[in-house]
Every structure is written in C-alpha cells, then in structure tokens.
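Novice: need a structure here:
(chains A and B)
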Amino acid sequence: NAGVTQTPKFQVLKTGQSMTLQCAQDMNHNSMYWYRQDPGMGLRLIYYSASEGTTDKGEVPNGYNVSRLNKREFSLRLESAAPSQTSVYFCASRVDIGYTFGSGTRLTVV
Amino acid sequence: SQKIEQNSEALNIQEGKTATLTCNYTNYSPAYLQWYRQDPGRGPVFLLLIRENEKEKRKERLKVTFDTTLKQSLFHITASQPADSATYLCALGTTSGTYKYIFGTGTRLKVLA
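Specialist: Model (predicted):
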C-alpha cells in the first residue's frame, strides 16, 4: 500500500500562474484534508472533505479551491498564485482517529 | 483565540534518558489530543491519541498524559535513542464528525549519542 501519494513533490510558480496539487489515497478512507505548513505557524487546515462529494473550508481557504474527484482523490488548486502561498502542502486522509499524511509538496511562488 | 503552545526551542538530551515534551493550549476544550512525529522533508506520522477522559496512554517507549484542568499534555520518550531525533507535533481535536485538528508548531528533539 502506498498510503497517501502527493504530486508533484516540488514546484516553482510565477506570481499569477495557476496549478493543481494532486492527492490520492489507497486506504479507502472517507475523509481527506489539505494543510499547509509554514515556519513558526504549524500546520493550518485549508480545506477538507468529510466524504466523497462534500468539501468545506478550513482555517485558511482564501486563494484555494478543491475538488473531491472520487473517494480516492482530493485535489487542491491555486487559481492565481501569490508569494504568500509559498509553503509546504500536505494532504492527509483519516479513518477512525489518526491522520495519514502524504510526503508533501514544496511550492515556491516567485 | 485558540492557541496551542509547544516549546519552539530544540530539546537536546543524552541517549538513554527520558525526553519530556510539553503541549499547552488555551481557549479550547479538545475531546482528543494527538501526537505526531515529523522527520525533515517528510509528512507527520501519527503516534498516539488520548481522549479527554483518559489521564495517560502508553505505547512501547512512549507515554502521553492529558490534564484538562491544566490544559496540558506531556509526551515522554523513555530510554531515548538517536533514532528518536525528530520534530514532535501535538494536535487537538473536537468531537465533531469532521475531525478537524489544530496543530502546534512542534518541538525539535535531538538525542545525543
């Protein structure tokens, strides 16, 4: 089992460009999450999906959109990237209590 | 506002000793508290969960305590090893069905051989 797979691992964008971060899990989990991690800020929730077909905003949703394509996949889209979105992005899924995280996408916006 | 505090300074301890990490929180009444381990360049890995009605939880060399009066959790690693060196995150969650957790910034632990 791969667990939670994120692509790409690294990305550099110019201000104003758009991109989609991909996330897929093979554990048949219902709930999936997108977090960003910045130095001194901890992990902050961007969006989550409690089940297939539903999505909700987290703590820092501005500038992002998400799609829960099916039970396995939950993508995060930046429509017009800004330098403030430079961060490490983690996708996670959950069954029962604990989260399983992916290995992250390191995004730099210049 | 809700706040979680973990010691931002790194904790250095000698191999074989017990490491104790602290997680304090304010303006929050969590039903669950979790601890995660994060290695550089990797995603966090779930270690332990403790519920609000539990005082202590153990798993191998790990022990977590949860004091809802003090609004504090302590995370202990006994007989520490250099391989335990990592950043440890605490996360608090409520009983809502969405299980959204709030994370602390983490404490970096370095176990010296």
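Novice: start to end distance for stretch B:23-35?
Specialist: End-to-end distance of stretch B:23-35 (CA to CA, to the nearest Å): 10 Å.
Novice: how far does that stretch sit from the chain's center?
Specialist: Relative to its parent chain, stretch B:23-35 has a centroid offset of 10 Å by CA atoms, centre = their mean, to the nearest Å.
Novice: in it, what counts as buried?
Specialist: For stretch B:23-35, burial by neighbour count (16 or more other CB atoms under 10 Å in any protein chain shown) applies to B:23-25, B:30, B:32-35. The way it works is simple: take the backbone N, C-alpha and C, and place the C-beta from them, glycine included.
Novice: now do stretch B:77-89
Specialist: The neighbour-count check on stretch B:77-89 (16+ other CB under 10 Å) flags B:77, B:80, B:84-89 as buried.
Novice: is any part of that stretch close to chain A?
Specialist: Yes - Stretch B:77-89 lies within reach of chain A by CB under 8 Å from any CB of the partner chain, at residue B:89.
Novice: Keep only those of the buried residues of stretch B:23-35 that are in strands.
Specialist: Among the buried residues of stretch B:23-35, DSSP state E puts B:23-25, B:32-35 in strands.
Novice: will you turn those into CSV that also has pLDDT?
Specialist: Converted to CSV, those look like this (pLDDT from 0 to 100):
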residue, pLDDT
B:23, 96
B:24, 96
B:25, 94
B:32, 88
B:33, 92
B:34, 94
B:35, 96
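Novice: near chain B at all, stretch A:38-47?
Specialist: Yes - on the criterion CB under 8 Å from any CB, stretch A:38-47 is in touch with chain B at A:40-45.
Novice: Quick one: end-to-end length of that stretch, please.
Specialist: Using CA to CA, the end-to-end distance of stretch A:38-47 comes to 16 Å.
Novice: got a list of what the most centrally placed residue in chain A touches?
Specialist: Central residue of chain A (CA atoms, centre = their mean): residue A:34, 3.3 Å from the mean position. By CB atoms under 8 Å, 6 or more residues apart in numbering or on different chains, residue A:34 lies in contact with A:21, A:23, A:45-48, A:58, A:64, A:66, A:74, A:76, A:89-92.
Novice: mind running it again at 7 Å?
Specialist: By CB atoms under 7 Å, 6 or more residues apart in numbering or on different chains, the residues touching residue A:34 are A:46-47, A:66, A:76, A:89, A:91.
Novice: closest to residue B:107 among those?
Specialist: Proximity of these to residue B:107 (CB to CB) peaks at residue A:89, which lies at 22.5 Å.
Novice: circling back to that earlier point, mind checking which of the contacts of residue A:34 are in strands?
Specialist: Judged by DSSP E, strands contain the following of the contacts of residue A:34: A:46-47, A:66, A:76, A:89, A:91.
Novice: Any chance of the residues you listed in CSV with distance to residue B:46, neighbour count and pLDDT as columns?
Specialist: Formatted as CSV, these follow (distance: CB to CB, whole Å; neighbours: other CB atoms under 10 Å in any protein chain shown; pLDDT from 0 to 100):
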residue, distance to residue B:46, neighbour count, pLDDT
A:46, 20, 24, 96
A:47, 20, 22, 96
A:66, 23, 24, 97
A:76, 21, 23, 98
A:89, 19, 22, 98
A:91, 15, 29, 97
